[in-house]
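K.L.:
Quick one, fold the following:
(chains A and B)
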Amino acid sequence: MKKQGPGEQGNKGTERIEWLLRSVLPPVGESPGSEYDLWPAMQRRLRAEAAGAPVKVRVPWFDWALAAGLLALLALFPAWIPVLLYYL
Amino acid sequence: MRDVASSELEPIAESEREQLIQFCRGGSEAGDAAFEALFRRHQRSVRGWILRMVRDAGAADELTVETFWRIYRARDRFEPERGFEPWARRIATRAALDWLRARKPEYAVANEFFADLPSPSGGDPAVAAEIRRKTALAFGRLRPGLRVAATLAVIEERPHKEVADALGISVTAVKLRVFRALRLLRKDLERLGIKP
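P.N.:
So this is what the prediction gives:
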């Protein structure tokens, strides 16, 4: 009688465990798909994401330059800060 | 059964090619209409692919929407020449893996997918039920990356190339994951008193 080598035993063990796995968890295969159309759910998701998305505000470079100039001026002459706040 | 390997070889229909180009441009009415057309055409196959991995019908619906949302966001990175379905499967696989990682292992497999099976050993139904329960439990304990590779390659019997494309890894890596999954499963079953 031919003896089984460790490789053959390993292969048989793998086959057995594959068989057990397929028996316990049968393949889903080609599923019939959802019973209903998922497009309305997709639309809701798109709307929700659009509503919750942060709004990007584009600030022109000129405004940045003005703000930087003002900050520089206030840094040089801090006494003007209360005057500026009074007129704001 | 249609697989990725064959779908890659199929020429893309002119109408779909046009839709894919419009979809990539996005931001316009035509882009949104193209996205809707792609969604309606591919939702069933994407959901089916996800269901194979997560084995939960409700989650498959949610993850189909999540997958298409990721597709919508990443549309400017899409290359129409490479086909929509393989790209969608890859994104769907990542979404399914994220979902599996976020779940507790003991709930990894929904009961509906294994409870009513015939006894695997043909013996005592109570023993068979216990074997099924323990096998499902041990399988659920595997890391999601290993579990998904084993599910697709062993249970669903998908070609290794297709699994590799979906997971974004090599065919050798898929074989290694399957081997490791089966070895870990066997060890865990032996620890639970089942010798497969």
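
K.L.:
So which residues of chain A form strands?
P.N.:
Read by DSSP state E, chain A holds no strands at all.

K.L.:
Near chain B, which residues of it are found?
P.N.:
A:13-14, A:16-31, A:33-34, A:37-39, A:41-42, A:45-46, A:49 (Cβ under 8 Å from any Cβ of the partner chain). Using the backbone N, CA and C atoms, a C-beta is placed for each residue, glycine as well.

K.L.:
Just the ones of those in helices?
P.N.:
Secondary structure from DSSP state H places A:13-14, A:16-24, A:39, A:41-42, A:45-46, A:49 of the residues of chain A next to chain B in helices.

K.L.:
Show me where the chain dips below the pLDDT cut-off.
P.N.:
Just so you know, I chose chain A. For chain A, the stretches flagged by pLDDT under 70 are A:1-10, A:30-35, A:53-57.

K.L.:
that's the other chain; I wanted chain B
P.N.:
In chain B, residues with pLDDT under 70: B:1-15, B:25-27, B:105-127, B:196.

K.L.:
how about stretch B:133-153, does it reach chain A?
P.N.:
Yes - Stretch B:133-153 reaches chain A (Cβ under 8 Å from any Cβ) through B:Thr135, B:Ala136, B:Phe139, B:Ala150, B:Thr151.

K.L.:
Can you list the buried residues in that stretch?
P.N.:
B:134-140, B:142-153 (16 or more other Cβ atoms under 10 Å in any protein chain shown).

K.L.:
that older thread, from the residues of chain A next to chain B, which would you call buried?
P.N.:
In these, the ones that pass as buried (16+ other Cβ under 10 Å) are A:14, A:17-18, A:20-21, A:23-25, A:28, A:31, A:33-34, A:38, A:41-42, A:45-46.

K.L.:
and the residue nearest the centre of chain A, what is it in contact with?
P.N.:
For chain A, A:Glu49 is the residue whose C-alpha lies nearest the centre (Cα atoms, centre = their mean; 11.5 Å). When contacts are counted by Cβ atoms under 8 Å, 6 or more residues apart in numbering or on different chains, A:Glu49 is found next to B:Trp69.

K.L.:
Alright, I will stop here.
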